[in-house]
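sharing a model that was predicted from the sequence below.
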Amino acid sequence: MSINIKTSAELGIMADGGARLIEIFRAIKQQLVPGTTLKTLDNIARKAAEQQGGQPSFLGYRDYPAAICASVNHGIVHCIPNDYQLQAGDLVSIDCGLFYQGFHTDAAVTWIVGEDIHHYQPLLDQTYRSLLAGVNAVQAGVKVGEISSAIAETLKATQLTIMKQFVGHGVGRDLHEDPIVPNFVGHDKNVVLPAGSVIAIEPIAGRGTEDYGVTGDRWSTFTTDREPVAHFEMTVAVTEAGARILTPIDQVI
């Protein structure tokens with residue numbers, strides 16, 4: 001286990017990159033309307049990443065073929081954008097990273113297309129609340145398990161299902177670094193996070209079971225009971241004063 005500590009200057013670069021990543025989400029959100037295809041959203045992300053002076057973190061990562069993961073309704077995560085046209089009421093989770101001046105930042109947001117005709121908003125609110133609980137637990141010297149517990153207890157109170165197979169992670173010069181940051185108390189629970197460490201906290205929760213499948217593209221995951229899933233993620237730096245949010249997704253929710 002080796003946690004990469006960032007200097008104050010490096011955290012400044014990551015904060016700048018995170019702000020630029022939020023601009024990519026802003027561009028995507030503007031086109032989140034019925035009739036837009038998921039491939040169109042991916043093209044928007046690619047163009048916006050270039051405009052922001054960076055590169056999409058996901059594109060080419062382990063041969064992943066897109067700039068974003070675009071999961072609709074019962075899609076969970078890692079879903080490759082395709083020709084699906086968004087429909088009114090769809091639940092859409094966008095996961096995206098930006099490589100900027102040598103560092104990655106990572107974020108995810110779940111939106112509803114138009115009116116909430118399927119009553120998805122409580123799922124979104126509760127999952128986002130669990131993300132904030134995890135972020136609020138961050139401070140220098142915290143154990144990963146304390147962050148995981150804050151997320152899990154928040155979701156348990158709402159009776160949502162934690163998709164335990166999918167976890168948060170360290171992030172920095174590499175897209176995925178140590179430690180693993182689960183949404184339940186498990187992996188790396190006793191790992192202590194010192195000031196200067198950076199993690200991506202990303203609860204993924206659903207209304208059904210945690211059983212899932214993978215499509216033929218070997219990336220896209222979905223709930224086998226076809227129940228909806230929400231996904232929120234922030235890149236967070238650990239400081240003596242608490243969490244420093246590097247990807248403020250509250251600006252685009």
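Arrived safely, thanks for sending.

quick one: the closest residue to residue 137 other than its chain neighbours from residue 129, how far?
Distance criterion Cβ to Cβ, 6 or more residues apart in numbering; nearest residue to residue 137, sequence neighbours excluded, is residue 150 at 4.2 Å. Yep, even glycine has a C-beta here, placed from its N, CA and C like the rest. From residue 150 across to residue 129, the span is 11 Å (Cβ to Cβ, to the nearest Å).

the two: who's more crowded?
residue 150 (23 against 16; other Cβ atoms under 10 Å).

mind checking the SS state of the residue nearest to residue 137?
helix (DSSP: H, G, I helix; E, B strand; the rest coil).

enumerate every residue touching it.
If you count contacts by Cβ atoms under 8 Å, 6 or more residues apart in numbering, residue 150 has them with 130, 133-134, 136-137.

7 Å - rerun?
133-134, 136-137 (Cβ atoms under 7 Å, 6 or more residues apart in numbering).

how about residue 1?
Applying Cβ under 7 Å, 6+ apart, the residues contacting residue 1 are 178-179, 191.

got it, and residue 155?
Residue 155 is in contact with 126, 130, 162, 203, 205, counting by Cβ under 7 Å, 6+ apart.

how about the nearest residue to it, chain neighbours excluded?
Leaving aside its chain neighbours, residue 155 sits nearest to residue 130 (4.8 Å; criterion: Cβ to Cβ, 6+ apart).

the one you found and residue 151 touch, don't they?
Yes: using Cβ atoms under 7 Å, residue 130 is in contact with residue 151, at 4.8 Å.

now list whatever residues contact both of those two.
Joint contacts of residue 130 and residue 151 (Cβ under 7 Å, 6+ apart) are residue 203.

how many neighbours does residue 171 have?
Neighbours of residue 171 using other Cβ under 10 Å come to 27.

before we move on, back to that, got a winner among the contacts of residue 1 for most neighbours?
Among the contacts of residue 1, residue 179 has the most neighbours (other Cβ under 10 Å), with 23 neighbours.

and it, what does it touch?
1, 3, 144, 170, 188, 191.

helices and strands around the lengthiest helix in the chain, which ones?
Using DSSP state H to define each element, the chain has its longest helix at helix 8-30. For helix 8-30, the contact count by 3 or more Cβ pairs under 7 Å, 6 or more residues apart in numbering; DSSP states H and E identifies helix 38-51, strand 91-100, strand 103-112 as packing neighbours.

avg pLDDT for that helix?
Mean pLDDT, computed over helix 8-30, is 98.

quick one, that helix and strand 103-112 angle?
Taking axes from the mean of the first three to the mean of the last three Cα atoms, to 10 degrees, one finds helix 8-30 and strand 103-112 inclined to each other by 30 degrees.

quick check: the two most widely separated of the contacts of residue 155?
Spanning the widest gap among those are 126 and 162, at 11.5 Å by Cβ to Cβ.

hmm, back to that, including distance to residue 93, could the contacts of residue 1 go into JSON lines?
Shown next, in JSON lines, are these (distance: Cβ to Cβ, whole Å):
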{"residue": "178", "distance to residue 93": "25"}
{"residue": "179", "distance to residue 93": "24"}
{"residue": "191", "distance to residue 93": "27"}
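
and these, which of them are in strands?
When strands are assigned by DSSP state E, the members of these inside them are 178-179.

would you mind giving the contacts of residue 1 as TSV with pLDDT added?
Shown next, in TSV, are the contacts of residue 1 (pLDDT from 0 to 100):
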residue	pLDDT
178	97
179	97
191	97
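
the strands in the stretch 101-250 of the chain, which residues?
Here the stretch 101-250 of the chain has its strands, by DSSP state E, counting those that start in this stretch, at 103-112, 142-143, 161-162, 168-170, 177-181, 192-193, 198-201, 204-206, 212-214, 221-223, 229-231, 234-239, 242-245.
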